[in-house]
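Chemist: no sequence on hand, only this structure:
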């Protein structure tokens, strides 16, 4: 099965508007060959409302194509449901970071080659940053002065979290393989 066929199969398996997602990806990929891909469906609960989100990452020879799709249910202002699909094409030379956080269950019994229980893949190219701030701490417990804030700026262009408990061990393994390929090409300029 070719990487493009595998992407189509994963989109069908995800079951989240597969034809729509394939169409928007085809425009963004622009006839380049797919080398690797990652498809991730996330379901969130907003009160009584269930919302679905899909993130797709596609690696080509020259670019990382990111697609994000959200659905919007019908409401009083919009009589029918809709979906918004956004794609972004990033030259591999523009990638600034590929961060992979691997959570290992039972670390004292870890064996070489054993997969992670969950991973978080964060890819940064400088389009978006998240700023995490917190009040600055003073070592003097009696001090009541305002010491301002401290924090960090973290690249946050795309972040995907995959858990073996939710998506299965194969999904974690597949996402780790994608992260390995993306990490390998991110250093090539």
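Modeler: Perfect, I can see it now. Being a predicted model, the structure only gives us computed values, none of them experimental. Numbering: from 1, shown residues only.
Chemist: all strands for this protein, in order.
Modeler: Shown for the chain, the strands assigned by DSSP state E span residues 36-46, 49-59, 63-72, 82-91, 97-103, 118-124, 129-135, 149-155, 158-163.
Chemist: which other residues reach the second one?
Modeler: When contacts are defined by C-beta atoms under 8 Å, 6 or more residues apart in numbering, strand 49-59 is touched by residues 7, 11, 14, 16-17, 21, 25, 28-29, 34-45, 64-71, 73, 123, 158, 160, 178, 181-182, 185. Heads up, the C-betas are built off the backbone N, CA and C, glycines and all.
Chemist: thinking again about what came up before, just the strands of the chain: most buried one?
Modeler: Neighbour counts (mean count of other C-beta atoms under 10 Å) averaged over each of these peak at strand 118-124, with a mean of 21.
Chemist: tell me the mean pLDDT for it?
Modeler: What strand 118-124 shows for mean pLDDT is 92.
Chemist: let's check: the centremost residue of the protein is which one?
Modeler: residue 160 (2.7 Å; C-alpha atoms, centre = their mean).
Chemist: which residue of this structure lies farthest from its centroid?
Modeler: residue 142 (43.7 Å).
Chemist: for this structure, give the helix that spans the most residues.
Modeler: Ranked by residue count, the top helix of the chain under DSSP state H comes out as helix 169-186.
Chemist: now it: buried residues?
Modeler: Across helix 169-186, burial judged by 16 or more other C-beta atoms under 10 Å covers 171-172, 174-176, 178-179, 182-183, 185-186.
Chemist: quick one, that helix and strand 63-72 angle?
Modeler: With axes from the mean of the first three to the mean of the last three C-alpha atoms, to 10 degrees defining the directions, helix 169-186 sits at 140 degrees from strand 63-72.
Chemist: just checking, what packs against helix 169-186?
Modeler: Packing partners of helix 169-186 (3 or more C-beta pairs under 8 Å, 6 or more residues apart in numbering; DSSP states H and E): strand 36-46, strand 49-59, strand 97-103, strand 118-124, strand 158-163.
Chemist: what's the distance between residue 120 and residue 103?
Modeler: Look at residue 120 and residue 103: by C-beta to C-beta, to the nearest Å, they are 8 Å apart.
Chemist: ok so, going back, by pLDDT, give me the weakest of the buried residues of helix 169-186.
Modeler: Least confident entry in those, by pLDDT: residue 186, with 86.
Chemist: burial count for the nearest residue to that residue once chain neighbours are set aside?
Modeler: Nearest residue to residue 186 in three dimensions, chain neighbours excluded: residue 95, at 4.3 Å (C-beta to C-beta, 6 or more residues apart in numbering). By the criterion of other C-beta atoms under 10 Å, residue 95 has 23 neighbours.
Chemist: my read: residue 95 touches residue 63, true?
Modeler: No: taking C-beta atoms under 8 Å as the definition, residue 95 is not a contact partner of residue 63, at 9.7 Å.
Chemist: the residue nearest to the centre of the chain and residue 175 touch, don't they?
Modeler: Yes: counting by C-beta under 8 Å, residue 175 is a contact partner of residue 160 at 7.1 Å.
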